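In: This is a predicted model, with the sequence first.
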Amino acid sequence: MNPIQFYTSVDVTLSEKLLEVMYCLIGLISIYVAFKNLKDKENKNSVGSFVFWFDLGVMFVLGKWLPALADGILLIILVLPPILKKVSPGNEPEPTLDEMEQNNKKIGTKVFVPAVCIGLFALLAAFFTKISPLVGMSVGVFVAMIILRIYSKSNTPSVFLKDCRRMMDVVGPLSMLPMLLAALGAVFTAAGVGDVISSLVSNIIPAGNVTIGIIVYAIGMAVFTMIMGNAFAAITV
């Protein structure tokens, strides 16, 4: 199915279409970060940083439409710069102390309202619509941007893009971690690890004993989080 068929098909849900749009936006931001790093003369690893962020952006934008082999090649290219330690933060000027103090006096604790919007819209999407919470979270981001713009006219789109670049540069290759752990969880699910564990637990815990079931689940989550390195993969098991 090509992109036109995907977005015009009645068999594809609105949630799936909006989720793909969200991935494309993330990919475009990643490509923006790639070119900013490439042009950054103060970034000693500008080329490696460009390759990483550009590759990641292409996979977000086109990954769904590319052949599996092409995605596999892009994934191998993606991990090479981090392995070779060729990804480093660029030079994006931070707000001055005076700017931060002025913003604090002007906005104060209201700064938490935009942050709450992100989680709030994710919950609203999960509980009251058939749209993915991830899409709801994205809507929350745009609402947060509007609120920040209302707070101060200096919060222009370029400011948001610069802050995106600064944050992504700081996180760096670790930004792949949630996706890789989610993929690991999917592999465990496909391999039937969860079913095996479920069968073992059901032989020990009496059917219908909710209290013990909750205790075992909580302990199991903690144990598998330690084994697998993160709850992203553990929860699928």
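Out: Everything's here; your move.
In: Against the centre of this structure, work out the most remote residue.
Out: P206 (38.8 Å; Cα atoms, centre = their mean).
In: Spell out the residue ranges of the helices in this protein.
Out: 3-8, 14-38, 46-62, 68-83, 97-107, 112-128, 133-151, 157-171, 177-191, 193-204, 210-228, 231-234 (DSSP state H).
In: Skip the chain neighbours and tell me the closest residue to the residue farthest from the centre of the chain.
Out: I212 (7.6 Å; Cβ to Cβ, 6 or more residues apart in numbering). Every C-beta, even on glycine, is put in place using the N, C-alpha and C of the backbone.
In: if we can go back for a sec, winner for burial among the helices of the chain?
Out: Most buried of those by mean neighbour count (mean count of other Cβ atoms under 10 Å) is helix 46-62; its value is a mean of 21.
In: Break the protein down into its structural domains.
Out: Listed by automatic domain parsing, the domain ranges of the chain are 3-90, 97-155, 180-234.
In: Among these, which comes closest to R166?
Out: Checking those against R166 by Cβ to Cβ gives domain 3-90 as the closest, at 8.0 Å.
In: do you know which of the domains of the chain lies nearest C164?
Out: Across the domains of the chain, closest to C164 is domain 3-90 (Cβ to Cβ), at 5.6 Å.
In: Distance from the chain centre to that closest one, please.
Out: Taking the mean of its C-alpha atoms, domain 3-90 sits 12 Å from the chain's own mean (Cα atoms, centre = their mean, to the nearest Å).
In: Would you mind measuring the gap between the ends of that domain?
Out: Using Cα to Cα, to the nearest Å, one end of domain 3-90 lies 34 Å from the other.
In: related to what we said a few turns ago, would you reformat the domains of the chain as a markdown table and include distance to V171 and mean pLDDT?
Out: Below are the domains of the chain laid out as a markdown table (distance: least, Cβ to Cβ, whole Å; pLDDT from 0 to 100):
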| stretch | distance to V171 | mean pLDDT |
| --- | --- | --- |
| domain 3-90 | 9 | 92 |
| domain 97-155 | 16 | 89 |
| domain 180-234 | 14 | 77 |
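In: so can I have CSV of those domains showing distance to L161?
Out: Formatted as CSV, those follow (distance: least, Cβ to Cβ, whole Å):
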stretch, distance to L161
domain 3-90, 6
domain 97-155, 11
domain 180-234, 26
